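**Q** Okay, sequence plus prediction incoming.
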Amino acid sequence: MIDAKIIKDSINVAGKRITTMQIVFQRFILPEFNTHRVFSRNFSSSRAIPTKVLMEQVQKNPAMPVYWGKNQPGMQAKEELVGEEYIHAIWEWRMAAQLAASIASKLSYYKVHKQIVNRVLEPFLWSTGIVTSTEWDNFFLLRDHTDAQPEIHALASKMRETMNNSTPTLLVAGDWHLPYISKKELLNYSNKLLLKISAARCCRVSYLKHDGSSPSIEEDLALFNRLAGSVPIHASPLEHQATPNTSEDISLEGNFKGWIQYRKVWERKINACA
């Protein structure tokens, strides 16, 4: 179920590329992924999703290792289990997932809040996230490598393949890189509005709401206002929108290079009004 798909891929006249991908991988490698600080990223929160939904995922399709390495000294498992050891290892992992789902069900019965209950399920969850960056080389060098943990190696390989098969769209000064915005919406709404809509959808990591329904523009804007309309702001979803930087001033680029980040623009605006 490891997956990566392009949400938005852009390039400026200077040849600097910015790419936004939606990715799916085992949650147990999320800490490794998050060590790459040049990335802007948001992930579906296990605090926000109903326990019943996550329990069903764990019961039917638990996140599992892609390589069942045999125990040995060091960080890498050079040899994979075979025969009965391999079969029993998979069986025990699946039983652990079922036990986690059973315990989550009992905790829910006792009315424990999902922000606690869902933590029990996390080793067996899939993470869906959105990641935007102008800098990918170090990530691929470290993670698309045989010494990396097999799951993040598989993810990085898939991400590299996805990027290699994508052709970025040229954006000029005044254009914006806007994940989750359709061509029709680009024609019908101003950039000022679309920036907020894109940020709201990046917060959800989807066009859709958690229940699978399509939000209205008003709902997207209401979510944006909850994120960034008051202090303190929850600004990470505003990091995925960017416009070409045609000046020598890099103060608004944030963790990007060659692109001005919407988060930096918004924070400057907030600070100016304070």
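**A** Received it, and whenever you're ready, just let me know what you need.
**Q** for stretch 40-55, the distance to its chain's centre please.
**A** Centre-to-centre, stretch 40-55 and its host chain are 11 Å apart (CA atoms, centre = their mean, to the nearest Å).
**Q** repeat for stretch 188-208
**A** On CA atoms, centre = their mean, the centre of stretch 188-208 falls 16 Å from that of its chain.
**Q** List the buried residues of it.
**A** 191, 194-206 (16 or more other CB atoms under 10 Å). In this view, the C-beta of every residue, glycine as well, is placed from N, C-alpha and C.
**Q** Now these in JSON lines, please, with extra columns for secondary structure and distance to Val13.
**A** Formatted as JSON lines, the buried residues of stretch 188-208 follow (DSSP: H, G, I helix; E, B strand; the rest coil; distance: CB to CB, whole Å):
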{"residue": "Asn191", "secondary structure": "helix", "distance to Val13": "18"}
{"residue": "Leu194", "secondary structure": "helix", "distance to Val13": "21"}
{"residue": "Leu195", "secondary structure": "helix", "distance to Val13": "21"}
{"residue": "Lys196", "secondary structure": "helix", "distance to Val13": "26"}
{"residue": "Ile197", "secondary structure": "helix", "distance to Val13": "26"}
{"residue": "Ser198", "secondary structure": "helix", "distance to Val13": "22"}
{"residue": "Ala199", "secondary structure": "helix", "distance to Val13": "25"}
{"residue": "Ala200", "secondary structure": "helix", "distance to Val13": "29"}
{"residue": "Arg201", "secondary structure": "helix", "distance to Val13": "27"}
{"residue": "Cys202", "secondary structure": "helix", "distance to Val13": "25"}
{"residue": "Cys203", "secondary structure": "helix", "distance to Val13": "30"}
{"residue": "Arg204", "secondary structure": "helix", "distance to Val13": "32"}
{"residue": "Val205", "secondary structure": "coil", "distance to Val13": "30"}
{"residue": "Ser206", "secondary structure": "coil", "distance to Val13": "31"}
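**Q** Now tabulate those residues in CSV and tack on pLDDT.
**A** Shown next, in CSV, are those (pLDDT from 0 to 100):
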residue, pLDDT
Asn191, 96
Leu194, 97
Leu195, 97
Lys196, 96
Ile197, 96
Ser198, 96
Ala199, 96
Ala200, 94
Arg201, 94
Cys202, 95
Cys203, 92
Arg204, 89
Val205, 88
Ser206, 71
